[in-house]
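Asks: Just the structure for this:
(2 chains)
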Amino acid sequence: MVIHNHCGLCSIEVANLSVSSGRATLIHDVNITLQCGELTVLIGKNGAGKTTLLKAILGEYHFQGSIRFSDHQGDVVGKPRIGYIPQHLDFDKSMPVTVLDFMAAARGGSPVWIRHGKELRKEILKSLDEVECGYLINRRLGALSGGELQRVLLTLATEPIPDLLILDEPVSGVDVSGLDLFYKRVTELRDKYHMPILLVSHDLELIQKYADKVILLDKTVVAQGKPEEVFTTDAYQNAFGLLHLGEEKKWI
Amino acid sequence: MDLIYGVLEGLPFSMFQYDFMKNAFIALILLSPLFALLGTMTVNNKMAFFSDALGHSAFTGIALGGLLGLNDPLMAMIAFGIFISLVITRVKASGLASSDTVISVFSSMAMALGIMILTAKGGFARISSYLIGDILTVGEKDLGLIFLVLFLVYGLWVYLYNPLLLLSVNRSMAVSRGIKTLLIENIFVVMVAVAVMVSIRWVGILMINSLLILPAAAARNVAESARSYHWIATVFALVASVIGLFISYQFGTSAGASIVLVLSAFFFLTYLMARGRK
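Replies: This next block holds a predicted model:
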């Protein structure tokens, strides 16, 4: 059974979206719709504008065009809650900030240089325990492994449950078993809360396995649809074709 | 005020027989936590170079104050400091040039402009007093001003700290959680600008950035959490200020430089401690 009401939205409609920086156009005329309960994967070569599109949706970049969030009755809603996992955390690894500090700061509790609320600490511990990360609560953020950091970030991005989950290549530096676990957790979230998920990935095997929909971006949308549909388009062959020439079904 | 003076006179230290030493001592007790606090976030956000540039831009503030015929250039310094911080933040955010380069250009320009105006009639002496600073010139009125700045910054810190912390980990994530990143960042750089400009007369343009960066840098070697980072930096700054002032009194050295040297010693000690533990 799908909990439809949890998401509060039914679709996110991006229409004629363009982003430019100075005189350069980063992306132009992007038209996509993200549906509730669908895991949409954004693919494209380096510099195709994937991160730019995500940042426009997040509200970090100015854009032309429109982004409309509407609920299941088709009514437009205001600002949705967005959970986001960045591609890299290029913070200073020696920064004295614990997982608890970081999560409490993000949740907007009392200023973490003064104190941590007891209730908030309990809640954070509980949510970390759900992904078997409770033991990390007092570790420094910079001391976590790739997989640990990613699970902490996923916990944070889904606390509270967002209306839209955006994951920007969230799995760099994670081993294969960690990858699989991560995707399982993401699809669980989708099935449980029925939220739309937008994910950037290069891992074609995992896309095959988990994606409901694939969008191929090259400054603008050049192909979209079910994974197998997109993978057979010319645009896809142009972008990635050489990667698996002669290796049938073996995606890189 | 008389009460604090009385207490200090009761202490068995000969330096407290002088009012200017008492004032210097109180000023440092107020300035250390202010700089330690701002420094923790300056270091987190890798802005040490920014605050250095800000200190140098004081030249232009001083010069502008002179041109405007102000007796005390402080207001001109604060205004120019705020202006240049906001401009640097703006240009940095546009991402058109690397932030190191942007900061360097602004810092050089502000320094050159200030020195040119100040030396136009051969006023070299005025520059040198600002370069080194003199903590012994703190007056009673100044103490009120320092206290006010400390009070305001601590107050703002309650609201700004969490967003700033998130911002120092990842900007987009901060945006996704509804934080107005540009606003928060602007308030932060304005706070740093005000603190730096208010203190430059006493600490000196050459030493001001060290006072901001070193307590945090030393605390980082041993702190494990945001809270311990904050308080260790504060304690380091306080202790170093007191020791530095004593050294300065005993040997007649510049107080700013003496404090910075003690802080450097703290940095290397904690560095060795941290290495020893690993």
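Asks: Just the element for the residue nearest to A:H116 when sequence neighbours are not counted, please.
Replies: Nearest residue to A:H116, sequence neighbours excluded (Cβ to Cβ, 6 or more residues apart in numbering or on different chains): A:A104, at 5.3 Å. Placement of C-beta: from N, CA and C, glycine included. Using DSSP states H and E, A:A104 sits within helix A:99-107.
Asks: and if you look at A:S18?
Replies: Per DSSP H and E: strand A:11-21 holds A:S18.
Asks: Any idea how far that strand is from the middle of the chain?
Replies: Computed by Cα atoms, centre = their mean, to the nearest Å, the chain-centroid distance of strand A:11-21 equals 17 Å.
Asks: and the gap between the residue lying closest to A:V131 once chain neighbours are set aside and chain B?
Replies: Leaving out its chain neighbours, the residue that sits closest to A:V131 by Cβ to Cβ, 6+ apart is A:R151, at 4.7 Å. Distance from A:R151 to chain B, counting by Cβ to the nearest Cβ, to the nearest Å: 15 Å.
Asks: who in the stretch 51-200 of chain B is up against chain A?
Replies: With Cβ under 8 Å from any Cβ of the partner chain as the criterion, the stretch 51-200 of chain B meets chain A at residues B:95-96, B:157-159, B:161-163, B:165-166, B:168-173, B:175-178, B:181.
Asks: So which of the residues you listed belong to helices?
Replies: Counting by DSSP state H, those place B:157-159, B:161-163, B:165-166, B:168-169, B:171-173, B:175-176, B:181 in helices.
Asks: What lies in contact with the helix holding A:A104?
Replies: Residues from elsewhere that reach helix A:99-107 (Cβ atoms under 8 Å, 6 or more residues apart in numbering or on different chains): A:110, A:112, A:116-117, A:120-121, A:123-124, A:128, A:133, A:136-139, A:141, A:144, A:152, A:155-156, A:159, B:161-163, B:165-166, B:169, B:173, B:177, B:225-227.
Asks: Please narrow those residues to those residing in helices.
Replies: Filtering the contacts of helix A:99-107 for helices - DSSP H - leaves A:120-121, A:123-124, A:128, A:152, A:155-156, B:161-163, B:165-166, B:169, B:173, B:226-227.
Asks: just to revisit the earlier point, just the ones in helices among the residues of the stretch 51-200 of chain B next to chain A now: which is nearest A:L181?
Replies: Top of the list for closeness to A:L181, among these and by Cβ to Cβ, is B:M173 at 21.7 Å.
Asks: check contacts around that closest one.
Replies: By Cβ under 8 Å, 6+ apart, B:M173 lies in contact with A:Y84, A:I85, A:P86, A:A106, B:L166.
Asks: please redo it, this time with the cut-off set to 7 Å
Replies: A:Y84, A:P86, B:L166 (Cβ atoms under 7 Å, 6 or more residues apart in numbering or on different chains).
Asks: give the contact list for the nearest residue to the second one once chain neighbours are set aside.
Replies: If I follow you right, that is A:P86. Ranked by Cβ to Cβ, 6+ apart and with sequence neighbours excluded, the top spatial neighbour of A:P86 is B:N170, at 4.9 Å. Going by Cβ under 7 Å, 6+ apart, B:N170 touches A:P86, A:L89, A:F91.
Asks: Please flag which of these sit within strands.
Replies: Assignment to strands by DSSP state E places none of the contacts of B:N170 there.
Asks: Spatially, which residue comes closest to the residue of the stretch 1-150 of chain B found nearest chain A, not counting chain neighbours?
Replies: With Cβ to the nearest Cβ, the shortest gap between the stretch 1-150 of chain B and chain A falls at B:N44, namely 5.5 Å. Spatial nearest neighbour of B:N44, excluding adjacent residues (Cβ to Cβ, 6+ apart): B:S168 at 4.2 Å.
Asks: and if you look at A:S18?
Replies: Distances taken as Cβ to Cβ, 6+ apart put A:H28 closest to A:S18, at 4.3 Å, once the chain neighbours are dropped.
Asks: which helices and strands sit right next to the helix ranked longest in chain A?
Replies: Counting residues, the longest helix found in chain A (DSSP H) is helix A:176-193. Packing contacts for helix A:176-193, counted by 3 or more Cβ pairs under 7 Å, 6 or more residues apart in numbering or on different chains; DSSP states H and E, involve strand A:39-43, helix A:146-157, helix A:204-210.
Asks: Just say which of those is most tucked in.
Replies: strand A:39-43 (a mean of 24; mean count of other Cβ atoms under 10 Å in any protein chain shown).
Asks: which stretches of the chain aren't confidently modelled?
Replies: Assuming you mean chain A. A:1-9, A:72, A:74, A:171-173, A:241-252 (pLDDT under 70).
Asks: wrong chain, I was asking about chain B
Replies: For chain B, the stretches flagged by pLDDT under 70 are B:95-97, B:123, B:278.
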